[in-house]
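A.B. asks: Turn this into a model:
(one chain, ligands or ions: 1)
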Amino acid sequence: MSESTEPTESAGSRTVPAVKYHGTGNDFLVVDAADADGRVPDRGAFAVHHCDRETGVEGADRTGADGVLFMDIDENTVGGDGPVTATMTLVQPDASIAEMCGNGARCAAAWVRERTGADVVDLETPAGVRRAEVRTGDVDGTGGDDRASDADEVTVEVEMGRPSFAPADVPLAADRDEPLVEEPVEGLTVTAVDTGVPHAVAFVDGDAGGVDGLDLESVAPPVRHADVFPEGANVTLATRTGEGTFDQRTYERGVEGETRACGTGAVAVGASARRLGLADRTDLAVSPPGGTLRITVPEDASATLTGPAEREFEIDLAVPESGTGGDE
Ligand SMILES: N[C@H](CCC[C@H](N)C(=O)O)C(=O)O
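C.D. replies: This next block holds a predicted model:
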């Protein structure tokens, strides 16, 4: 608050350390809340500034990021036998806060493991506590020690909670009492499901060109903003490619564009496929453009998401002056 009335330091004169990670191409800057507290007065402006795909953080093959994960480790849980607990807050490129992020959770857990040595991490998110288990040496989950030499890549399995089609959970507009299942919404036939965040899932026939048969950047925005979704929705296209396998593309709320992968979206594809009778099994492989995610969607238990988390680089990021580039 006092920042605005006192002579401020120019943008960039203060920095905060960050580590860049990605999970199947969904990429995040991870910042320790202990470093950010007091130094990053406006987390939204910080995310807007550094996530920009043209002018944001540089250092790997892509400029910018899909969000900033602010991580607050509960020091009382470090060093014991049990899981380490950490609060995960995802601030998106438009400064909004997402309740949950599956690929972000994998990156967050890998970061916590790097800091504390813990293989099991309880991530506290606005959507609830999500347990994540970090594995090394068996990246594809098939057994063996296939990537043990690659210290920067781990496999993380995240408990994703139980997907819900209930109108109040998605949420759907207040006047809806029934789940939205295979209904036309703004040009797509969608099924709405909450996997920590709302997804509108539309299955596209393989003969119609599959997920690449539609121009996502033009078909998704009207659905993302449809009145039936009072808090908006992520828009996910899916195509069944075989028994238990699907292609996926997601247009994300908060990013306001397509991402290379979306973990809550992959679980949404699985849950919707089960509901629509498109999958006989509960363990599925869902492939967004950035790779393949293993998911399970059991009838009466938490869904799981398994995939890689890869550490890209460390960087000191300038703290923009409060308000720079943000709404506030
Ligand atoms: N990429 C994330 C989802 C972020 C959700 C966010 N875009 C929203 O609902 O506002 C994932 O891997 O699950």
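
A.B. asks: ok now the longest helix along the chain, how far from the chain's centre?
C.D. replies: What stands out as the longest helix in the chain, according to DSSP state H, is helix 102-116. Taking C-alpha atoms, centre = their mean, to the nearest Å, one finds the center of helix 102-116 at 12 Å from the center of the full chain.

A.B. asks: That helix: what's the following helix or strand?
C.D. replies: strand 120-125 (DSSP states H and E).

A.B. asks: wait, does that following strand contact the ligand?
C.D. replies: No: using C-beta under 6 Å from any ligand atom, strand 120-125 stays clear of the ligand, coming no nearer than 10.7 Å. From N, CA and C alone the C-beta is placed, and that goes for glycine too.

A.B. asks: And the contacts of the very next helix or strand once past that strand?
C.D. replies: Sequence order places strand 128-135 as the next helix or strand after strand 120-125, per DSSP H and E. For strand 128-135, the external contacting residues (C-beta atoms under 8 Å, 6 or more residues apart in numbering) are 83, 100, 105-106, 108-110, 113, 118-123, 141, 154-161, 196, 309.

A.B. asks: Which helix or strand lies directly C-terminal to strand 128-135?
C.D. replies: strand 153-161.

A.B. asks: on that earlier part again, please indicate which of the contacts of strand 128-135 are buried?
C.D. replies: For the contacts of strand 128-135, a neighbour count by 16 or more other C-beta atoms under 10 Å gives the buried set as 83, 100, 105-106, 108-110, 113, 118-119, 121-123, 154-161, 196, 309.

A.B. asks: For the stretch 151-300 of the chain, what lies in contact range of the ligand?
C.D. replies: Going by C-beta under 6 Å from any ligand atom, the residues of the stretch 151-300 of the chain near the ligand are 197, 234, 252-255, 259, 262-264.

A.B. asks: mind redoing it with 8 Å?
C.D. replies: 195-199, 232-234, 250, 252-255, 259, 261-267 (C-beta under 8 Å from any ligand atom).

A.B. asks: Now intersect those with the helices, please.
C.D. replies: Using DSSP H, those in helices are 263-267.

A.B. asks: And the strands in the stretch 151-300 of the chain?
C.D. replies: Secondary structure of the stretch 151-300 of the chain by DSSP state E, counting those that start in this stretch: the strands cover 153-161, 183-185, 188-194, 198-203, 234-242, 245-252, 257-259, 283-287, 293-296.

A.B. asks: What count of nearby residues applies to residue 281?
C.D. replies: By other C-beta atoms under 10 Å, 12 other residues sit near residue 281.

A.B. asks: Pull up the gap between the nearest residue to it once chain neighbours are set aside and residue 19, please.
C.D. replies: Using C-beta to C-beta, 6 or more residues apart in numbering and skipping the chain neighbours, the partner closest in space to residue 281 is residue 244 (4.8 Å). Per C-beta to C-beta, to the nearest Å, residue 244 is found 34 Å from residue 19.

A.B. asks: Then residue 155?
C.D. replies: From residue 155 over to residue 19 (counting by C-beta to C-beta), the distance is 18 Å.

A.B. asks: circling back to that earlier point, could you say which of the strands of the stretch 151-300 of the chain is packed most deeply?
C.D. replies: strand 198-203 (a mean of 26; mean count of other C-beta atoms under 10 Å).

A.B. asks: Run me through the strand neighbours of it, direction for each.
C.D. replies: strand 188-194 (antiparallel), strand 234-242 (parallel) (DSSP bridges).

A.B. asks: on that earlier part again, can I get the strands of the stretch 151-300 of the chain in JSON lines with mean pLDDT?
C.D. replies: Listed next are those as JSON lines, based on pLDDT from 0 to 100:
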{"stretch": "strand 153-161", "mean pLDDT": "96"}
{"stretch": "strand 183-185", "mean pLDDT": "98"}
{"stretch": "strand 188-194", "mean pLDDT": "98"}
{"stretch": "strand 198-203", "mean pLDDT": "98"}
{"stretch": "strand 234-242", "mean pLDDT": "98"}
{"stretch": "strand 245-252", "mean pLDDT": "98"}
{"stretch": "strand 257-259", "mean pLDDT": "98"}
{"stretch": "strand 283-287", "mean pLDDT": "98"}
{"stretch": "strand 293-296", "mean pLDDT": "98"}
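
A.B. asks: If anything else comes up later, I'll come back, but that's it for now.
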